[in-house]
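Trainee: predicted model and sequence follow; I will ask about them next.
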Amino acid sequence: MLNNVKTVLNAEELLRRVVDESQQKADYVVKTEGMQMYANSYHGNDNLTLDLNQNDQNSKVYSINNHALGQMATTFQVPRPYVDRMLLSSASLVADNFNHWFKNSDSAKMIRTHELEHGAKFLVRAFLSDKYRRVDNDEIAKTVLPILLDPKNNWEITECQITDTKLYIKAIATNLIGEVKKGDAVRYGVIISNSEVGSGAINVKPFIDRCVCDNGLIIADNSMRATHLTSSQADGNLWSMLSDQTKSDDNRLLLKKVEDVVEHTANRENFEFQLDRLKEADGIVINKPQEAVKVLKQTFNFTELEHDSILNNLMNRTDELAGPVTKWTLSNAVTHLAHDTADYDKGIDYEVIGNRILDLPNQSLVAVA
């Protein structure tokens, strides 16, 4: 069984984090042909570092996080498992390969870093297209928190988090609550997410919070999704003509759209539609739960450990509503995994899958062999 526990931030902690991190960020657009990767050994562990411009004596040398290394592999069309295998053998082998690809490439990249003013820690956190549209976490937080914290808007922030790749803010609408069945209340909410490092678009999505166990269900419908690539990405000449002011105005318009979508997510009609969807799912009885969980394992590529944890959640429900296993309870057996993982991003994935389960054909779960 999964046995870790996720950690969360409140709104005040989130704001403090994004402001602190914004002061450590620096971005560089540089040519790959001037880059140099090194393999250094510290206390017996190999460590990869990157010089953004080996021809500049004042250029800093940065550590490379796992996410940025994966983006480098993708850029040069190298399978990540191959890079990981080289790392196990020799970090120098990885550096030699990338240095070859750097020198034989003439592309510009945006390198997003964290830099500490009074420390020696410098970190490459993203390796991106030079046309990447920067919408930072502090901009998103400063846009949505005033809306969510204003009492007249009937929002209650339930949890926030910043991972290596994403920002998340969850809130529920205190005036939108209903029952799937007697004693099984759910609330309507919104989840806002953003990635500064190329790991997904800006997203504003509705979600369902189940009161009896605090399970979350992230809904794919009626959502806003805005990518971080510029609309002029196909024409480098046009992009180079745009002024910083034009780019800034473009971002302000995007943030205004985020603000409008958040303000209008707490819609009773949408909530009632989703509530009817949950009621319908709770009417679909799963006669062979163990076989249905096997179907989920194959459909969503769950590991054996995840399969066993889902089955345990399904067969040992601690709420007072235990009855026939339905499509709704099957979904909750998956979303409950989010409570038991310290990987917040993975927990969000479980909540997205919970919604996808409701969209599976009933026949695939009910009529299993």
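Mentor: Sure thing, it's come through.

Trainee: and the strands in the stretch 151-300 of the chain?
Mentor: With strands called from DSSP state E, counting those that start in this stretch, the stretch 151-300 of the chain shows them at 155-162, 167-181, 184-194, 202-210, 215-218, 224-226.

Trainee: of these, flag the one that's most buried.
Mentor: strand 215-218 (a mean of 26; mean count of other Cβ atoms under 10 Å). (Glycine included, C-beta is placed from N, CA and C.)

Trainee: redo the strands of the stretch 151-300 of the chain as CSV? Include distance to H264 and mean pLDDT.
Mentor: As requested, the strands of the stretch 151-300 of the chain are exported to CSV (distance: least, Cβ to Cβ, whole Å; pLDDT from 0 to 100):
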stretch, distance to H264, mean pLDDT
strand 155-162, 12, 95
strand 167-181, 11, 95
strand 184-194, 10, 94
strand 202-210, 10, 92
strand 215-218, 18, 86
strand 224-226, 10, 69
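
Trainee: turn those into JSON lines, columns for distance to L314.
Mentor: Shown next, in JSON lines, are the strands of the stretch 151-300 of the chain (distance: least, Cβ to Cβ, whole Å):
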{"stretch": "strand 155-162", "distance to L314": "25"}
{"stretch": "strand 167-181", "distance to L314": "17"}
{"stretch": "strand 184-194", "distance to L314": "16"}
{"stretch": "strand 202-210", "distance to L314": "15"}
{"stretch": "strand 215-218", "distance to L314": "13"}
{"stretch": "strand 224-226", "distance to L314": "32"}
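
Trainee: closest to L278 out of those strands?
Mentor: Between L278 and the strands of the stretch 151-300 of the chain, the shortest gap by Cβ to Cβ is with strand 167-181, which sits at 4.7 Å.

Trainee: now that closest one, how far from the centre of its chain.
Mentor: Chain-centre distance of strand 167-181: 20 Å, with Cα atoms, centre = their mean, to the nearest Å.

Trainee: relative to strand 184-194, how tilted is it?
Mentor: Going by axes from the mean of the first three to the mean of the last three Cα atoms, to 10 degrees, strand 167-181 is angled at 160 degrees with respect to strand 184-194.

Trainee: quick one, strand 167-181 and strand 202-210 angle?
Mentor: Strand 167-181 and strand 202-210 are oriented at 30 degrees to each other (the same axes, to 10 degrees).

Trainee: what's the closest of the strands of the stretch 151-300 of the chain to E291?
Mentor: The nearest among the strands of the stretch 151-300 of the chain, by Cβ to Cβ, is strand 215-218 at 22.8 Å.

Trainee: got the CA coordinates for that closest one in CSV?
Mentor: Taking C-alpha atoms only, strand 215-218 is exported to CSV below (Å, rounded to 0.1, in the frame of the first residue of the first chain):
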residue,chain,number,x,y,z
ASN,A,215,-11.3,13.2,-2.0
GLY,A,216,-10.9,15.5,-5.0
LEU,A,217,-12.1,14.9,-8.6
ILE,A,218,-10.7,17.2,-11.3
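
Trainee: tell me which residues are up against that strand.
Mentor: 170, 189, 191, 205-210, 331-332, 335-336, 338-339, 348, 351-352, 354-355, 358 (Cβ atoms under 8 Å, 6 or more residues apart in numbering).

Trainee: what strands line up against that strand, and which way round?
Mentor: Strand 215-218 sits in its sheet next to strand 202-210 (antiparallel), going by DSSP bridges.

Trainee: the partner strand to strand 155-162, inter-axis angle?
Mentor: Using the same axes, to 10 degrees: strand 202-210 against strand 155-162 is 120 degrees.

Trainee: just how off-centre is strand 202-210 within its chain?
Mentor: 13 Å.
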